[in-house]
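Asker: Sequence and predicted structure below; questions after.
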Amino acid sequence: MRLTKPRIAPLSDAELSPEQAEALAPVRAGTLGVLNIFRTLAHAPKALMRFNDWGAYVLSRRNDLPAREREIVILRTGFLCRSGYEFVQHTRIGLDCGLTEDEIARIKQGADAGWSAADAALIRATDELHADQFITDATWAELGRHFTDKQRMDVVFTAAQYTQVSMILNTFGVQLDEGQTLDPDLKAF
């Protein structure tokens, strides 16, 4: 975690304006509950509503990446961005989507940590997007051996969304939700 306390405190239910409560309504209807990220973003309710719209695409079946592969991209992005909150949240989601604990540990090691060619291409593409905001021709071609053009687009959309999420979490100091434990590789540095 970059910060040990929030720069922008999450809002309690009692602090919500009607507009903020409305922006949180779709989150309340979901299965995760109202997490600290959403309670923090509620300070900007119009932004939160649009954030939820795009995030819903990235995490939905409209994203053509299978859920497991999507989570590889999200977890690698969160790790590269040093976003403890993101990595913790998506470790649970990744496990629910078919990743193993060993695979999640290897995501932190990178593309050469014993992955299939398709998974290594996802990690390499994520690394390149993080480092240069661009996927090289060689990696793009390797992705094309395993994924459709739409799926390759969704790799970029997913990495971009979770880079933004990581920036938000890190800069605003969003703290872990109750009962969560920070990955030891993402402790303050």
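Answerer: Okay, I see it. As the structure is a prediction and not an experimental result, all values here were calculated from the model. Residues are numbered from 1 along each chain as shown.
Asker: thought residue 176 was touching residue 86?
Answerer: No: assessed by Cβ atoms under 8 Å, residue 176 is found out of contact with residue 86, at 10.6 Å. (Each C-beta comes from the backbone N, C-alpha and C, glycine too.)
Asker: Give me the more crowded residue out of those two.
Answerer: Counted by other Cβ atoms under 10 Å, residue 176 and residue 86 do not tie: residue 86 has more neighbours, with 25 against 15.
Asker: The helix or strand hosting that one: which residues count as buried?
Answerer: Per DSSP states H and E, residue 86 falls inside helix 84-96. Within helix 84-96, the residues that count as buried by 16 or more other Cβ atoms under 10 Å are 84, 85, 86, 87, 88, 89, 90, 91, 93, 94.
Asker: nearest to residue 42, of the residues you listed?
Answerer: Nearest to residue 42 among the buried residues of helix 84-96 is residue 85, at 16.0 Å by Cβ to Cβ.
Asker: what separates the closest one from residue 25, distance-wise?
Answerer: 23 Å (Cβ to Cβ, to the nearest Å).
Asker: what's the answer for residue 36, then?
Answerer: 17 Å.
Asker: out of these two, which sits in the busier spot?
Answerer: Neighbour count, other Cβ under 10 Å: between residue 36 and residue 25, residue 36 has more, with 22 against 11.
Asker: Hmm, the more buried one is touching residue 8, no?
Answerer: No: counting by Cβ under 8 Å, residue 36 stays clear of residue 8, with 10.4 Å between them.
Asker: Give me the phi and psi for residue 12.
Answerer: Main-chain torsions, residue 12, degrees, to the nearest 10: phi -80, psi 170.
Asker: Run a quick neighbour tally on it.
Answerer: Residues contacting residue 12 under the criterion other Cβ under 10 Å number 8.
Asker: excluding its backbone neighbours, what's nearest residue 69?
Answerer: residue 122 (5.9 Å; Cβ to Cβ, 6 or more residues apart in numbering).
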